[in-house]
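Visitor: fold the stuff below for me.
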Amino acid sequence: MGKINGCIKCLFIFFNVLFAILGCVLMFGAVKVSVYSSMFLQIGGPSLVWIWVFAIGVLGISILGIVAACYEKELILKVFAGFMGLGMIIMLIFGIIVVVTRNKVKEGFDTAASAFGKAFINNDELRAMLMSIEQSTHCCGLGGSADWGDDIPNSCQCSPGAYSSFGAYTCKPKPQGASGPDQIYAKGCSEFIFTYVNVLFQVCMGFCFGFAVTALLGLLITILMIHQVKHYDSCGGTSIAMKSY
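Guide: Numbers count the residues shown, from 1 in each chain. Below is the predicted model of the structure:
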């Protein structure tokens, strides 16, 4: 028999394998969203480098946990427990940072939406995304139609008296000398975009605080495993089965 209870060992390895897969998925996601890195920085958001750091950290610690459980070595388990304790603290800090960053981004959208709108329009992919948002949420530009200058796209075309899923919206004439539809949406898209950005921040907050709780549970299980290894070694290699009630 091994030093660690078989059920605990299998469960521990299973969850570490799941987190190793999650680390790989996060790395894949970091590659996919790298195109929006400049946008996040310009609106006050965190650098996407942190996603890479977090993903590599999750993958590395998960592999360490699997190795620790397989080899049943007290030293490796203690190192893993240290990472769990450190990870719990880091996740709590990250959760607080996400809350602060959310408020900073909201302020950025409210006070400098037009400046951020230039970043959308000067980037081909972000420009296409903004035009898609304009059509679906019935708005024009990020801070307003002025973001488009004298070349207003058809995605800003407004039909007076119509309604959207966000309620009634108003139209206004296009600026004099500008090309494009005669009637355009009066509101910018910043408030609609922030609605989706806010959901992302809420997911991140749940993710961070959820990982903090998970790290705490991992720490407690690791401490139990260390106790079992010590007990095995102190008994001269005699494994004691866990009691059943």
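Visitor: ok, Lys32 - contacts?
Guide: By Cβ atoms under 8 Å, 6 or more residues apart in numbering, no residues touch Lys32. Just so you know, the C-beta spots here come from the backbone N, C-alpha and C atoms, and that holds for glycine as well.
Visitor: list the buried residues for the helix or strand where it lies?
Guide: Assigning secondary structure by DSSP states H and E places Lys32 in helix 6-33. Within helix 6-33, the residues scored as buried using 16 or more other Cβ atoms under 10 Å are 9, 12-13, 15-16, 19-20, 23, 26-27, 30.
Visitor: was I right about Met84 contacting Thr214?
Guide: No - with contact defined as Cβ atoms under 8 Å, Met84 does not reach Thr214; the gap is 9.1 Å.
Visitor: more neighbours: the two, which one.
Guide: For Met84 versus Thr214, the count of surrounding residues by other Cβ atoms under 10 Å is larger for Met84: 21 against 16.
Visitor: what number of residues lie near the closest residue to the more buried one other than its chain neighbours?
Guide: Spatial nearest neighbour of Met84, chain neighbours left out: Leu219 (3.9 Å); criterion: Cβ to Cβ, 6 or more residues apart in numbering. A count of neighbours around Leu219, defined by other Cβ under 10 Å, yields 19.
Visitor: distance of Leu219 from Ile13?
Guide: 16 Å (Cβ to Cβ, to the nearest Å).
Visitor: same check, this time on Leu200
Guide: With Cβ to Cβ as the criterion, Leu200 and Ile13 are 32 Å apart.
Visitor: Ser159 now?
Guide: Ser159 is 60 Å from Ile13, by Cβ to Cβ.
Visitor: and if you look at Val100?
Guide: Distance from Val100 to Ile13, by Cβ to Cβ: 37 Å.
Visitor: repeat that for Leu77.
Guide: Remark: distance between Leu77 and Ile13 (Cβ to Cβ) = 13 Å.
Visitor: and the lengthiest helix in the chain, what does it pack onto?
Guide: Across the chain, the longest stretch assigned as helix under DSSP state H is helix 74-122. Helix 74-122 sits against helix 37-42, helix 49-71, helix 124-137, helix 190-234, with contacts defined as 3 or more Cβ pairs under 8 Å, 6 or more residues apart in numbering; DSSP states H and E.
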